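# requesting a structural model of the entry that follows:
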Amino acid sequence: RILEGKRQELNISLEEANTIKEAVLQPYREYERKLYEYEQALIEAVNKQYPFSQRIQKDIKEYKQYLGLRDEDIADIELRVLAPKQTEYERKQEQETQQKLQREQEVKEQDKLQRRQEQEAQNNSQEYKYKDLRRFIFYSLCLILGLFASLLLFGEYTFGMWFIFVVVFSVVSFLLGHRK
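Okay, the predicted model is just below:
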């Protein structure tokens, strides 16, 4: 309304007024077009790779300079375009960190379980060795005892008597050894 009033006051035709209006608005439209082009280029770059490589950052900066835009001109665009991508990137980084920690914990648990199993196997192996050694000592003592018993009982060393005592003591020691 103000423009229409000024047009009539200055006695300017509608066509001349539109020409003047277009000339005045042209820099603003050009500025808006450059902002739009920058935003589209930024969206394309974000969709291509985020976070940006140094090469893409350099290209975006050069394109901003080519368009004649300042940092304050593009601050809102960058906030609107980059903030969701940055949030998504940080969320993915957090997930990857959590997954890595979980894998490391699983590996530690597996190592711990394996060490425990190896220790148990080693303990069992040593236990069997000691058990076999005790049996051997026990059988040997039984045989020696059998030999001394035959000497004491019969006063002489006869093969038949010695053999009977050895067999009896071997059977008894075998039965007692398996009970342990």
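# contacts and neighbour counts: CA atoms only from here.
Fine.
# flag the shaky bits of this structure, pLDDT-wise.
Applying pLDDT under 70 to the chain flags the ranges 129, 133, 143, 146-147, 149-180.
# what ranges do the helices span in it?
Counting by DSSP state H, the chain has helices at residues 2-9, 14-48, 54-67, 71-154, 159-179.
# give me the residues contacting the first one.
Around helix 2-9, the neighbours that count as contacts under CA atoms under 8 Å, 6 or more residues apart in numbering are 13-14, 17.
# ok, the residue nearest the centre of the chain to Val107 distance?
Among the residues of the chain, the one closest to the centroid is Lys100, at 1.2 Å (CA atoms, centre = their mean). Distance, Lys100 to Val107, by CA to CA, to the nearest Å: 11 Å.
# try Tyr50
Counting by CA to CA, the gap from Tyr50 to Val107 is 31 Å.
# go on, Glu44?
From Glu44 over to Val107 the distance is 41 Å, taken as CA to CA.
# now do Ile56
On the measure of CA to CA, Ile56 and Val107 end up 38 Å apart.
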